[in-house]
Each structure stands twice: as C-alpha cells, then as structure tokens.
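Peer 1: Dropping the sequence and predicted coords here.
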Amino acid sequence: MTRTNGPRRAAAALLIAAATLVASQATGRAGDAPTVQEIYNKPGPHPVATAVRTDPCQESIAGMVAHIAVHLFGNAADPTCTQAFPYGLQSPIGVNTYYPADIAELPSAPLLVFTPGINANPGMYDALAKRFAEQGFVVVIPYDFFNSLAYVPALGVAVAVLANRDPNSPLFGRIDLGRTVFGGHSAGGQAALQAATVFPAAAPSIDPALRVAGVLAIEPGPLALGAAITVPTLFLTGYNDFVVPDFAWVRWWQYDLMAAAPAWIANARGVTHFSPVDGIEHYRSAGAAIAWLRHLALGDAEAASWFTGPNWRLPADQTYFSVHRNARAHALN
C-alpha cells in the first residue's frame, strides 16, 4: 500500500502544482498584493452634485470625429460631451463644477482645478471628475477648447474663489483654498504645470487663503519646465502613449529637472494617450491619481504609503512598467 500510494500522491501533488501555476499565469494576479487601481478606483463615500449634463459625443460632427479617434486608439467606452462649441452650440469657454452633495456636512473640501486636453470637450472628463468629487473634492474643469496655457486653470481658480465667497452658492465658505491642486491631461497637464509655476507666488494677492498643494500632471504637453515648479508633482504616463511618450519631454525637461520639489513619475502598462477619457474602469492610472490626491490634500496615511517612505508601494505595483521618484521625494517619511 505504501509503495503504491507514494507515486500517486506525488503525481497528485504535481498536478495540483501545475494547475496552480496555470491559474496564476492565466490571471497574472495569484499571490500578488492588491494594486493601487483595485484599492482606490472605486466609488467614494460622497454622492456628487453637478449641473453638468452630457450626451454621446457622436451627436455632433466634432464629437463624431473624437468618438472615432478614441476608439481607433483603443478606448472601450464611448466618450461623452457637453454642448460646448464645436460639440454643440453653447459657449466654448466656461467652467464645469462638481462637488460632494453632502458638502454642507463637511468642515471643508479641497479644490482640484482640472484642465482638459487640447480640442477636448470637458464632458469627456465627466466620469473622472465625478470619481474625484466622490473622494470629497470640489472639482472645477475650466475650458476654452485649446486648454493649453495657464490662464485656463486661472479661470477655474477664479470661479472657485467667487463661489466660496458667494452666500447664495452651495459652496459658500466650504472650499478649502489652502488645499488647491492643479491637474490636467495632455495640454491641460501642461497648463497645470504652468499654473504651478505662477500661482504659489501670486496666490496671496488672489485670496489670502489660497495655497497650491501640488500637481497631478497626466501625460502633459511639452510647454512647461520642471525647474520652475516648487510644489509636489506626480507625472502619470502611458506605456502605449505615442503622443506624449514617457521617454521624451515628460522626463527630459519636466520630471528630470524638478530639483526644487518632490516629484514622482509612473508609466502604466496598456495606457494610451486617450485612456484618461475612456470609461473610468478602463483608465489604469485612475487609482494612482486618486491615491495621490488623497495623500496630497486629505492627509490619508494609507494613500501616502504608495508614494512616501523607504518601502513605498507603487514600485511593486505590476500595473506600472516603471516608477521613479526624485531625491526630494525620496527624503520624505
């Protein structure tokens, strides 16, 4: 009996091990820790209030062109658009606002000024803005169709400051301007970086409470210089992005020249230039963006663990082909 069962047990063990290996290879996740995407890219604790209304982009000629373009680049979800010209007949210049519907019950909410990409409709970022607002942020999306220079996020700041001062606004006295973050995608990321070079010094003359906490630069355009930025900055790039390649200016004269402030750069596998306007579940760096915002403006220690400390967690996340931080970021506890 012993001699017969021994080989059978060994064979069974080999079969179990082989099955486990196959399952592991099939999922790519067996035994791995949860990714930042799995932890943070989910509905937040706050319902969202907004007056923004979106429709399928293909209802206009400009929208149909955008619809075809993003699908050609691999997006799975159909983009959504507002009626801002040329996607509709409303003004091409404006600011869309999203905020926690329960903001009256909160002591205050940090501000995220998020600028779209060049020629992009602000409605294409509707799902992303709502996901940020669910985390407890007031999100303003300023736009002027070109969305490429610092005056566009400046428009968003102006609208937020006025709303914070307006007794008739639901945001009256509820925005913590001392926790303002500039963010943006593509040309909008470039504009956010530009704003981060101007606003830290100019902020007191705009509002005594205004302070720039940092930047979220998603696949930013080239017209910004890292050496001029003095606030913490996260650059999110895409391995499949051929419009803003990770190896080009994002490193050469943006991330690599950031000597005056902490900086991080993360290059996500499977992410193209148009992934940020895909369905929220398809943008693989949405979780990292949320964790960054929670760390930067909400003081979330768990979120901070992905970016700070000797054992920071982002480099171990298999979502990313490469992750780096500069000396100032490395020195943070």
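Peer 2: Structure's in. What do you need?
Peer 1: And for Phe172, the neighbour number?
Peer 2: The burial count assigned to Phe172 is 14, neighbours taken as other C-beta atoms under 10 Å. Bear in mind the C-beta positions are built from the backbone N, C-alpha and C, glycine included.
Peer 1: Next, it: secondary structure please.
Peer 2: Going by DSSP: H, G, I helix; E, B strand; the rest coil, the secondary structure assigned to Phe172 is coil.
Peer 1: Do you know the pLDDT at Asp32?
Peer 2: Model confidence at Asp32, expressed as pLDDT, equals 77.
Peer 1: need the contact list for it.
Peer 2: With contacts defined as C-beta atoms under 8 Å, 6 or more residues apart in numbering, the neighbours of Asp32 are Gln318.
Peer 1: so where do the strands sit in the protein?
Peer 2: Applying DSSP state E to the chain gives strands spanning 48-50, 55-56, 80-81, 94-100, 109-115, 138-143, 175-185, 212-218, 233-238, 263-268, 320-325.
Peer 1: With distance to His282 as added columns, please give the ones you listed in JSON lines.
Peer 2: What follows is those, written out as JSON lines (distance: least, C-beta to C-beta, whole Å):
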{"stretch": "strand 48-50", "distance to His282": "20"}
{"stretch": "strand 55-56", "distance to His282": "17"}
{"stretch": "strand 80-81", "distance to His282": "14"}
{"stretch": "strand 94-100", "distance to His282": "20"}
{"stretch": "strand 109-115", "distance to His282": "18"}
{"stretch": "strand 138-143", "distance to His282": "20"}
{"stretch": "strand 175-185", "distance to His282": "14"}
{"stretch": "strand 212-218", "distance to His282": "14"}
{"stretch": "strand 233-238", "distance to His282": "12"}
{"stretch": "strand 263-268", "distance to His282": "12"}
{"stretch": "strand 320-325", "distance to His282": "16"}
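Peer 1: quick one, which of those is nearest to Ala127?
Peer 2: Judged by C-beta to C-beta, the one of the strands of the chain that comes nearest to Ala127 is strand 80-81, at 7.7 Å.
Peer 1: Identify all contacting residues around that closest one.
Peer 2: 54-57, 59-60, 63, 66, 87-88, 121, 123-124, 126-127.
Peer 1: In helices, which of those fall?
Peer 2: Counting by DSSP state H, the members of the contacts of strand 80-81 that fall within helices are 63, 66, 126-127.
Peer 1: Looking at these, which is nearest Tyr320?
Peer 2: Of all those, Ala127 has the smallest distance to Tyr320: 22.0 Å, by C-beta to C-beta.
Peer 1: Tell me, what's the model's pLDDT at the nearest residue to that closest one once chain neighbours are set aside?
Peer 2: Using C-beta to C-beta, 6 or more residues apart in numbering and skipping the chain neighbours, the partner closest in space to Ala127 is Ile280 (4.2 Å). According to the per-residue confidence, Ile280 scores 96 in pLDDT.
Peer 1: so what's Asp246 up against?
Peer 2: Each residue near Asp246 by C-beta under 8 Å, 6+ apart is listed here: 237-239, 265, 267, 322.
Peer 1: what bridges to Arg325?
Peer 2: Under the criterion DSSP bridges, Arg325 forms beta bridges with Trp264.
Peer 1: so who does it touch?
Peer 2: When contacts are counted by C-beta under 8 Å, 6+ apart, Arg325 is found next to 262-265, 307, 312.
Peer 1: a markdown table for those residues, including distance to Ala286?
Peer 2: Formatted as a markdown table, the contacts of Arg325 follow (distance: C-beta to C-beta, whole Å):
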| residue | distance to Ala286 |
| --- | --- |
| Pro262 | 22 |
| Ala263 | 20 |
| Trp264 | 16 |
| Ile265 | 17 |
| Phe307 | 16 |
| Trp312 | 19 |
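Peer 1: Considering these, which possesses the most neighbours?
Peer 2: Ranked by neighbour count (other C-beta under 10 Å), these have Ala263 at the top, with 27 neighbours.
Peer 1: Wait, that one touches Phe235, no?
Peer 2: Yes. Counting by C-beta atoms under 8 Å, Ala263 sits close enough to Phe235 to count as a contact (7.1 Å).
Peer 1: what residues are shared contacts of those two?
Peer 2: When C-beta under 8 Å, 6+ apart defines a contact, the residues bordering Ala263 and Phe235 alike are Tyr255.
Peer 1: Buried among the contacts of strand 80-81? Make that a ChimeraX selection.
Peer 2: Command for ChimeraX, covering only those of the contacts of strand 80-81 found buried under the criterion 16 or more other C-beta atoms under 10 Å:
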select :54,57,60,63,66,87,88,121,123,124,126,127
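Peer 1: among the contacts of strand 80-81, which one has the lowest pLDDT?
Peer 2: pLDDT across the contacts of strand 80-81 is lowest for Glu59, at 93.
Peer 1: mind checking how far Ala304 is from Ile229?
Peer 2: 20 Å (C-beta to C-beta, to the nearest Å).
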